[in-house]
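[1] I'd like to go over a predicted model; first the sequence, then the structure.
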Amino acid sequence: MARKARSQARSQGRGDGPRSRSGRRGQKDKQRQVVAEREAQQRERLLARFEGVEPDGRVVCQYGTHAEVSCADGRVRLCLLTPKVHKLFGVCVGDWVWTGRGATDEERIIEGRAERRTEVRRKRGEEDRHGHVIAANVDTMAITAALKEPPLRTGALDRYLVLASHLGLAPLLVLTKLDLTPADDPGWSVLEPYRSLGVDMVYTASVTGQGLADLRVRLAGRVTVFAGHSGVGKSRLCGALGLRDAPEPGDLSRSGGRVRGRHKTSVARLLNLGDGGWVVDTPGVRAIGLVDLERQDVPIHFPDLA
């Protein structure tokens with residue numbers, strides 16, 4: 001009893017009661033709101049400098065405070081992201097930016113970022129509700145999957161389709177490694193529900209070139225984010241399409257008797273298809289998270305349930 005009394009006395013002395021804790025939370029919320037409003041004003045002032053001026057570059061790769069930018073003259077330059085722009089905007093693959101001269105003729109700095117038309121986000125963990133942006137200004141989500149090696153998981157396809165619908169992106173199901181799956185393989189039946197829903201599909205084999213021409217037609221003139229689990233052949237497919245700077249394909253590993261992909265792509269990249277199309281190649285992911293989607297809104301993105 002004496003120990004409890006002393007503990008309560010110390011708590012009261014520090015002002016750690018429920019009201020005090022609630023007050024501190026409220027104060028922190030107000031501080032965050034003030035900071036957010038101040039940063040919003042700074043963004044408006046910064047963007048006012050570029051009113052009526054078209055962005056002169058598009059981010060093709062970003063890491064830390066640097067980004068590779070495809071500039072108006074057709075060259076890809078390594079640009080420094082200024083601390084102010086990094087804090088107020090941040091950039092990612094697909095962003096349109098304004099660049100300026102750096103310390104030398106070859107060096108460029110990113111001075112501002114245009115408003116995004118769309119954002120593709122991925123969760124860092126289960127507690128990350130809003131996720132982080134991995135690509136911007138995207139038109140199509142190419143959901144890449146293999147029937148075998150690794151085996152196709154319909155749950156993953158469903159989540160990607162919901163994600164595409166939620167983000168306002170046109171879904172395209174890209175089946176890979178057809179050279180490993182004969183036409184009479186019973187595994188093809190798993191795709192019937194998607195066909196009945198009218199999901200656009202294209203069948204490819206990077207080794208033989210099967211379906212690549214059809215895929216190019218679908219990607220022309222659009223920015224497409226390639227999504228899919230590790231080992232399904234995204235990077236190899238990019239290489240087969242002749243995309244510049246396509247990374248080397250990874251290999252497969254066995255874990256507990258299951259074939260799993262070992263992804264080779266370590267950062268997202270925007271790859272030039274050469275006919276007005278751009279492709280975002282993203283790192284493989286083990287778990288897919290839907291961000292900013294309320295439970296009651298999920299059926300909206302399932303046409304067969306709505």
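    Happy to help now that I have it. Numbering: from 1, shown residues only.
[2] Show me where this protein has its helices.
    With DSSP state H as the criterion, the chain has helices at 2-14, 18-48, 83-88, 154-167, 192-196, 212-219, 234-240.
[3] list the buried ones in the shortest one?
    Right, helix 192-196. For helix 192-196, burial by neighbour count (16 or more other C-beta atoms under 10 Å) applies to residue 194. Glycine gets a C-beta too; all of them are placed from N, C-alpha and C.
[4] pLDDT score for residue 272?
    pLDDT for residue 272: 87.
[5] Pull the number of nearby residues for it.
    Look at residue 272: counted by other C-beta atoms under 10 Å, it has 17 neighbours.
[6] doesn't residue 241 make contact with residue 216?
    Yes: here residue 216 reaches residue 241: they are 6.8 Å apart, a contact under C-beta atoms under 8 Å.
[7] Common neighbours of these two, please.
    Shared contacts of residue 216 and residue 241 (C-beta atoms under 8 Å, 6 or more residues apart in numbering): residue 273.
[8] sorry, back to before: show me the one of the helices of the chain that comes nearest residue 137.
    Residue 137 lies closest to helix 154-167 among the helices of the chain, at 11.7 Å (C-beta to C-beta).
[9] Low-confidence ranges, the stretch 201-306 of the chain, go.
    244-266, 282-306 (pLDDT under 70).
[10] Between residue 216 and residue 241, which is the more surrounded one?
    With neighbours defined as other C-beta under 10 Å, residue 216 and residue 241 compare such that residue 241 has more, 19 against 16.
[11] May I have the phi/psi pair for that one?
    The phi/psi pair for residue 241 (degrees, to the nearest 10) reads phi -80, psi -10.
[12] ok, it - contacts?
    So residue 241 contacts 212, 215-216, 273, 279 (C-beta under 8 Å, 6+ apart).
[13] Equivalent analysis for residue 146, please.
    Per C-beta under 8 Å, 6+ apart, neighbours of residue 146: 152, 175-177, 180, 231-233.
[14] now for these, which pair is the farthest apart?
    Maximum pairwise distance among those (C-beta to C-beta): 14.4 Å, between 175 and 231.
[15] okay, now residue 191: neighbour count?
    Using other C-beta under 10 Å, the number of residues around residue 191 comes to 19.
[16] That one touches residue 201, doesn't it?
    Yes: assessed by C-beta under 8 Å, residue 191 is found in contact with residue 201 at 7.2 Å.
[17] joint contacts of the two?
    Common neighbours of residue 191 and residue 201 (C-beta under 8 Å, 6+ apart) are 173, 175.
[18] Which residues does residue 61 form beta bridges with?
    Beta-bridge pairing of residue 61 under DSSP bridges involves residue 68, residue 269.
[19] pLDDT score assigned to it?
    Looking at residue 61, its pLDDT reads 91.
[20] Check residue 134 too.
    85.
[21] Spit out the contact partners of it.
    Contacts of residue 134 by C-beta under 8 Å, 6+ apart are 92-93, 120-122, 268, 280, 282.
[22] what about it, distance to residue 280?
    Applying C-beta to C-beta, to the nearest Å, the value for residue 134 to residue 280 is 8 Å.
[23] What number of residues are in the vicinity of residue 137?
    For residue 137, the neighbour count with other C-beta under 10 Å is 22.
[24] Settle this for me: residue 222 is touching residue 142, isn't it.
    No: here residue 222 does not reach residue 142: they are 9.8 Å apart, not a contact under C-beta under 8 Å.
[25] Of these two, which one has the most company?
    Neighbour count, other C-beta under 10 Å: between residue 222 and residue 142, residue 142 has more, with 27 against 17.
[26] Kindly state the beta-bridge partners for the more buried one.
    Counting by DSSP bridges, the residues bridging with residue 142 are residue 172, residue 226.
[27] Lovely, talk soon.
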